[in-house]
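1. Mind looking at a prediction? Sequence and model below.
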Amino acid sequence: MSLRSPSLQQLEEVILALCEDTGTPRSLTVFMLLKAGEYAQLFNLKTVPGNYLNPHRYRQDVIVSDFLRKLDFDIPGIDKEAVALDNFWLAEKACCKTNLRLSPFVNNGPFEDPNDERVCESIARMKEWIARTLGEIPEDLFDSRFGPGSTFRDVGQLITVPDKIENRPTMTSLCTDLLPLWERTAWARAQLEVNPGQSRPEVLKGNRFTTVPKDALRYRGIAIEASINVFLQLGIGSHLKKRLLRSGVDLKDGQDMHRQVACEASRTGELCTVDLSNASDMNAYKLVELLLPRKWFDLLRSCRSPSTLVNGQWVHLQKFSSMGNGYTFELETLIFMAIALEACYLTGEEGLPGSNLFVYGDDIIAPVKAAPTLLALLAFFGHQPNQKKTFTQGHFRESCGGDFFAGVPVRAHYVKEVPCEPAHWISIANGLRRLFPAEKTLHSFRESVYWRAWLRALDQIPADIRRLRGPVEFGDLVIHDDRQFWQRRRTPDQRTFIRTWMPFTKALPFHHWKGPVVFAAALYGCSQEGILPRENVSGYRHKWVSYLE
């Protein structure tokens with residue numbers, strides 16, 4: 001799809017207006033590449049914080065450079081699926097090397113390097129912290145639940161909770177060791193009543209490789225798990241999250257905390273931010289076996305997929321788990337915090353989770369003094385930092401979606417989908433409006449470089465919807481604007497209502513499924529109003545919503 005196609009010409013006008021009014025050398029480059037249709041060059045533009053002394057100049061350039069970077073559309077000559085598949089094989093090759101390197105430490109020798117004794121001491125300290133954090137394995141996985149997406153056999157539109165309960169369940173062979181846990185669930189009881197002849201789960205070799213959008217140049221590889229596997233994985237992940245919280249690692253509000261800490265670190269320079277490349281695919285099998293207590297390792301191994309179906313062929317995995325596994329996020333957080341703590345110990349720093357150490361998945365914040373040791377340990381255990389997103393010096397820090405330059409928020413707005421309806425244009429207009437507050441002390445929004453681009457976005461919205469102005473607290477239900485332009489009304493009891501453009505979804509009535517399935521779905525949290533399909537907006541309508549002034 002060309003960016004000059006009729007469906008995208010309006011978006012191009014927004015960007016060109018932004019480039020013209022920004023008026024920097026970088027904006028001129030973006031303007032010319034866009035006009036020439038050189039989209040691959042445009043998306044390969046790099047805005048390097050270290051090349052700037054002024055946060056506002058960096059921010060101007062990165063906004064025009066990255067506006068379209070995550071847009072999901074096809075660029076001639078770029079095979080995004082192939083990029084994801086190449087990364088899969090590269091990760092497997094790297095994990096194989098890590099498994100070979102760590103095998104002597106798993107098997108207590110033989111050791112050839114005199115320094116291996118010191119490595120064993122570090123591993124022992126990491127294992128001790130992990131064991132203390134995890135405690136005993138749970139007797140039951142009460143928090144097991146269904147995820148929102150597909151499973152190996154539940155695909156297409158048939159991925160609601162009742163569909164998954166009704167369809168024949170799937171699991172891997174090792175997961176059969178945990179079958180008694182599943183047999184005590186409402187899901188299993190419903191299966192027995194609805195499909196008495198086929199209630200026995202289908203046994204699979206592993207998961208299935210697929211891809212999801214990442215940005216304009218590449219897709220990201222993920223794995224689709226068997227239904228019982230992911231059900232139990234999510235229960236394990238929930239338990240890990242609770243245990244991590246007891247040790248100071250907050251995965252519930254961790255993103256907000258990371259952004260606050262990264263902002264302060266960009267001012268003081270005392271902490272660094274580290275982001276890892278393909279972290280979910282780089283936790284090698286031997287790394288998990290090496291660091292986790294045996295009972296915990298056996299539990300996690302029982303639920304993992306030992307193989308992945310790739311282009312019709314089964315591939316035996318060198319990684320322990322992939323993105324799509326229900327406990328991968330919590331597991332990598334646990335391992336990276338143990339590594340970060342050891343890095344602090346080796347450099348004489350006192351590492352305190354929640355104080356000067358923060359880990360959220362593969363986003364790591366640690367003392368700058370420990371950074372060289374941290375990066376060395378990560379490399380030894382099979383992980384490489386993403387050099388574009390790792391900052392150990394200078395005035396820039398990035399973590400969990402927050403970019404900060406000397407305390408100034410400098411993150412760009414990303415357009416992720418081709419705008420084809422008013423709601424999309426509202427999101428673009430609001431994204432442009434949110435870029436303004438960092439400069440509001442200099443001039444009004446109407447005098448800013450975003451004003452004409454904002455108007456171009458509004459031009460694509462029908463007049464009756466364009467009048468739906470309101471506060472930022474309402475998100476993209478309204479167009480963000482000054483209070484005097486809000487479309488509101490006050491009731492006799494002095495309540496304020498704002499008129500919005502509200503999405504709605506038609507719930508599927510429960511009569512589509514049999515009684516035992518409906519009962520089980522209710523136990524798993526489904527609303528009595530019906531089942532809402534995932535990401536299936538049926539339409540939009542005007543709706544007055546209460547606003548507390």
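-> Cool, the structure landed. All figures in this text were calculated on a predicted structure; none of them were measured in a lab. Numbering: from 1, shown residues only.

2. tell me the SS of the nearest residue to residue 168 once chain neighbours are set aside?
-> Counting by C-beta to C-beta, 6 or more residues apart in numbering, residue 168 lies nearest to residue 198, which is 5.2 Å off, once chain neighbours are set aside. Yep, even glycine has a C-beta here, placed from its N, CA and C like the rest. What DSSP: H, G, I helix; E, B strand; the rest coil gives for residue 198 is coil.

3. To what extent is residue 198 buried, counted in neighbours?
-> 12 (other C-beta atoms under 10 Å).

4. So it sits against residue 167, correct?
-> No. Residue 198 lies out of contact with residue 167 (C-beta atoms under 8 Å); the separation is 9.6 Å.

5. residue boundaries of the helices in the stretch 1-150 of the chain?
-> Under the criterion DSSP state H, counting those that start in this stretch, the stretch 1-150 of the chain carries helices at the ranges 9-22, 25-36, 39-43, 55-66, 80-106, 116-134.

6. Over to the stretch 151-300 of the chain?
-> 161-166, 179-183, 186-194, 227-246, 254-268, 285-291, 294-303.

7. Between those, which one is closest to residue 53.
-> Closest approach to residue 53 among the helices of the stretch 151-300 of the chain is made by helix 254-268 (13.9 Å; C-beta to C-beta).

8. Now do the closest one: which elements does it pack against?
-> When contacts are defined as 3 or more C-beta pairs under 8 Å, 6 or more residues apart in numbering; DSSP states H and E, helix 254-268 packs onto strand 271-275, strand 358-360, strand 363-367, strand 396-399, strand 402-405.

9. out of these, which comes closest to residue 58?
-> Closest of the helices and strands packed on helix 254-268 to residue 58 is strand 402-405, at 5.6 Å (criterion: C-beta to C-beta).

10. Describe which strands the closest one pairs with in its sheet and in which direction.
-> strand 396-399 (antiparallel), strand 408-409 (antiparallel) (DSSP bridges).

11. after the last one, next one along is what?
-> If I follow you right, that is strand 408-409. The helix or strand immediately downstream of strand 408-409 is helix 422-434, counting by DSSP states H and E.

12. got the buried residues for that following helix?
-> 422, 423, 424, 425, 426, 427, 428, 429, 430, 431, 432, 433 (16 or more other C-beta atoms under 10 Å).

13. ok, of those residues, which one's closest to residue 388?
-> When these are compared against residue 388 (criterion: C-beta to C-beta), the nearest one is residue 431, at 22.1 Å.

14. Setting aside sequence neighbours, what's the nearest residue to that closest one?
-> Going by C-beta to C-beta, 6+ apart, residue 431 has residue 413 as its nearest residue, at 3.6 Å.

15. Any chance of a markdown table for the helices of the stretch 151-300 of the chain, columns distance to residue 103?
-> Shown next, in a markdown table, are these (distance: least, C-beta to C-beta, whole Å):
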| stretch | distance to residue 103 |
| --- | --- |
| helix 161-166 | 38 |
| helix 179-183 | 31 |
| helix 186-194 | 38 |
| helix 227-246 | 25 |
| helix 254-268 | 33 |
| helix 285-291 | 6 |
| helix 294-303 | 15 |
